[in-house]
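Asker: need coordinates for the following:
(one chain, ligands or ions: 1)
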Amino acid sequence: MRAGDTGAESPRPRQLNALRERVRALYQLNRQRGYATWCGVEYDFVCPSHGLYPFQWFWDSCFHAIVLSHLDIERAESEIRTLLANQQDDGFIAHVTFWQRELDDVDAYQVAWRSPWLSDSMQPPVLAEAIEAVARRGRGAAFLREVLPAARRYYDWCDHVRDPDRDGLISILDPHETGMDQSPAFDAYLGVQELTPAGFEAAWRRAVPADPAVPADPAVARERFSVEDVAVNALYAENQRVLAGLHAQLGEADAAAEMQARADRAADALFARCWDPADADFHGLAGPDEQPLPGSTVGGLLPALLVDAPAAVVARVAERLDDATDFGARYPVPSVSIAHPSYAAAPAEGKLLWRGPSWINTNWYLARAMRRHGREALARRIEDASMELVARSGFREHFNPQTGEGYGATDFSWSALVLDMLERRADEA
Ligand code: GLC
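Answerer: Below you'll find the predicted structure:
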């Protein structure tokens, strides 16, 4: 039994034990367990929010597995096993699996469908990080041997299907696929004319028609909307590096070398082609002629996570995170720079996401990015603010960067990543 599992003799700080209990209760509330007759599979996962999001979302589930690795290794493993259960023959894993589709009016979900139970979209490929955390705190190589082949098939799908120009960067075919759904980075490319939920929706549907009868042909979809997105590719590079390490742990030297080469290629392409020294920002590349998209969104800070991020990039991201007129809000990190013309501290009509409010998952990445590159004080500031947000406003979906007010879903599971922040600190202390 690890330290912290029992209250009385725990050497861990009281704050950590209290948070563990809150997260345990949250993950009990959002636990979804059952038997899906449509595929003959038993499922057991944590949904993002039992009210608003009762199904299994890809990157949410990866974050939930990381949180569960501190609380209950068997459930952490089930979370990943359930995510992999409906992997398709080509390696694809859906961004939403509608295990219990009878729970909700799923036709209202604006997704492309691969089947009546699976969306036909991806989300940021953060699976390798989740597997690494669960293996490290649990059964190590035994768990890796079980899940690594499927994980590898997924990253091969990303490489084979989503990198048609073979530059090492993968393309998203729908803004949804960034997990940062209505980020203003895509406004001009989508042709958004009126910044209301309906105006955004109309532009979005023009670019990405969701016709349930027609599974998208990537080649056709690419003509309408295709972006080599900065955040997606930063996380892709990082996760391929992590995957290389997992192969190495199993003694699979050739596979490890291949993944490391792919990770390096993605990182090199990101720094060479998406970074613009003129404005010291990263820009996604849109369409066949790779037009740079506007920067100043939180996704553009994520390349600082990479171990080989150039010093100039790290320094610039740190400077922006410190600057109160840019990303250095009272409750960081806003999803859009405060200086951005479309920054809004509260979501418009509660519906347009990722246009200002702060999210705990990007905080989790950016704190780690800063610590990794020796900026401990900044990392702690982001973590402390994250914990304060959750303490004040609860596990909300996102938060006002100026007042800390919570918005969107309540009981939102990935906001429990604050537990991972605190556990890591306790491990280091
Ligand atoms: C919102 C978020 C997306 C997340 C989903 C479920 O759509 O933008 O990133 O996966 O909710 O929590």
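
Asker: next, count neighbours for E258.
Answerer: 18 (other Cβ atoms under 10 Å). Quick note: C-beta positions are derived from backbone N, CA and C, even for glycine.

Asker: cool, and the one 3 residues further on?
Answerer: When neighbours are counted by other Cβ under 10 Å, A261 registers 13.

Asker: low-confidence ranges in the stretch 201-350 of the chain?
Answerer: 210-216, 349-350 (pLDDT under 70).

Asker: return the distance of whichever residue of it sits closest to the ligand relative to H283.
Answerer: Residue nearest to the ligand within the stretch 201-350 of the chain: S335 (9.7 Å; Cβ to the nearest ligand atom). Distance of S335 to H283, given as Cβ to Cβ, to the nearest Å: 17 Å.

Asker: same check, this time on R392
Answerer: Counting by Cβ to Cβ, the gap from R392 to H283 is 35 Å.

Asker: between these two, tell me which one has more neighbours.
Answerer: Between R392 and H283, H283 has the larger neighbour count (other Cβ under 10 Å), namely 21 against 14.

Asker: which one is the more buried one nearest to, not counting chain neighbours?
Answerer: Nearest non-adjacent residue to H283, counting by Cβ to Cβ, 6 or more residues apart in numbering: P292, 3.8 Å away.

Asker: and the residue of the stretch 201-350 of the chain closest to the ligand, what does it touch?
Answerer: By Cβ atoms under 8 Å, 6 or more residues apart in numbering, S335 lies in contact with 180, 183, 297-298, 354-359, 362, 398.

Asker: doesn't F45 belong to a strand?
Answerer: Yes - counting by DSSP: H, G, I helix; E, B strand; the rest coil, F45 falls inside a strand.

Asker: my read: it touches T82, true?
Answerer: Yes - between F45 and T82 there is a contact under Cβ atoms under 8 Å: 4.5 Å.

Asker: got any residues that touch both of these two?
Answerer: The contact sets of F45 and T82 overlap at 56, 61, 99 (Cβ under 8 Å, 6+ apart).

Asker: assess the claim that the second one and D44 are in contact.
Answerer: Read it as S61. No - the pair S61 and D44 fails to qualify as a contact (Cβ under 8 Å) at a distance of 11.2 Å.

Asker: the more surrounded of those two?
Answerer: Neighbour count, other Cβ under 10 Å: between S61 and D44, S61 has more, with 29 against 16.

Asker: all strands for this structure, in order.
Answerer: For the chain, the strands defined by DSSP state E cover 31-36, 41-46, 56-57, 96-97, 113-115, 118-119, 227-228, 275-276, 281-282, 285-286, 291-292, 398-399, 406-407.

Asker: picking that back up, redo the shared contacts of F45 and T82 as JSON lines? Include distance to E201 and pLDDT.
Answerer: As requested, the shared contacts of F45 and T82 are exported to JSON lines (distance: Cβ to Cβ, whole Å; pLDDT from 0 to 100):
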{"residue": "Q56", "distance to E201": "24", "pLDDT": "98"}
{"residue": "S61", "distance to E201": "26", "pLDDT": "98"}
{"residue": "W99", "distance to E201": "26", "pLDDT": "97"}
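
Asker: buried residues in the longest helix along the chain?
Answerer: For the chain, the longest helix by residue count, based on DSSP state H, is helix 141-162. Using 16 or more other Cβ atoms under 10 Å as the test for burial, helix 141-162 gives 143-144, 146-148, 150-155, 157-159, 162.

Asker: how about the stretch 301-429 of the chain: which residue is closest to the ligand?
Answerer: Closest point on the stretch 301-429 of the chain to the ligand, by Cβ to the nearest ligand atom, is L353, at 4.8 Å.

Asker: from H176, how far out is that residue?
Answerer: For L353, the distance to H176 - Cβ to Cβ - is 10 Å.

Asker: for A94, same thing?
Answerer: 12 Å.

Asker: which residue, other than its chain neighbours, is closest to A324?
Answerer: Counting by Cβ to Cβ, 6+ apart, the residue nearest A324 is I338, at 7.8 Å.

Asker: same check, this time on R31
Answerer: V46 (5.9 Å).

Asker: swap in A267?
Answerer: A237 is the one closest to A267 (Cβ to Cβ, 6+ apart), at 4.3 Å.

Asker: touching, that neighbour and V307? I think so.
Answerer: No - under the criterion of Cβ under 8 Å, A237 makes no contact with V307, lying 9.6 Å away.

Asker: which bits of the stretch 151-300 of the chain sit near the ligand?
Answerer: Residues of the stretch 151-300 of the chain found near the ligand (Cβ under 6 Å from any ligand atom) are 179, 181.

Asker: returning to what we had before: most neighbours among the contacts of S335, which one is it?
Answerer: Neighbour-wise, the contacts of S335 (other Cβ under 10 Å) top out at T297, 31 neighbours.

Asker: specify the beta-bridge partners of it.
Answerer: V336 (DSSP bridges).

Asker: so which residues of the stretch 251-400 of the chain form helices?
Answerer: 253-269, 311-322, 360-372, 376-393 (DSSP state H, counting those that start in this stretch).

Asker: what's the distance between the last one and the middle of its chain?
Answerer: Helix 376-393 has its average C-alpha position 19 Å from the chain's average C-alpha position, going by Cα atoms, centre = their mean, to the nearest Å.

Asker: and if you look at the third one?
Answerer: Chain-centre distance of helix 360-372: 12 Å, with Cα atoms, centre = their mean.

Asker: who in the stretch 1-150 of the chain is up against the ligand?
Answerer: Going by Cβ under 6 Å from any ligand atom, the residues of the stretch 1-150 of the chain near the ligand are 48, 53, 57, 59-60.

Asker: could you dump these to TSV with neighbour count and distance to W275?
Answerer: Output for these, formatted as TSV (neighbours: other Cβ atoms under 10 Å; distance: Cβ to Cβ, whole Å):
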residue	neighbour count	distance to W275
P48	25	32
Y53	19	34
W57	23	30
W59	21	24
D60	28	29
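
Asker: hmm, which two among the residues you listed are most spread apart?
Answerer: Taking Cβ to Cβ, the two most distant members of those are Y53 and W59; they sit 12.2 Å apart.

Asker: now do the contacts for D187.
Answerer: D187 sits next to 195, 203, 294, 342 when contact means Cβ under 8 Å, 6+ apart.

Asker: next, give phi and psi for the third one.
Answerer: By that I understand P294. Dihedral angles phi and psi of P294 (degrees, to the nearest 10) take the values phi -60, psi 150.

Asker: the residue nearest to H283 contacts F282, correct?
Answerer: No - contact criterion Cβ under 8 Å: P292 and F282 do not qualify, at 9.3 Å.

Asker: compare those two (neighbour count), which wins?
Answerer: Using other Cβ under 10 Å as the criterion, P292 and F282 rank with F282 on top: 30 against 15.
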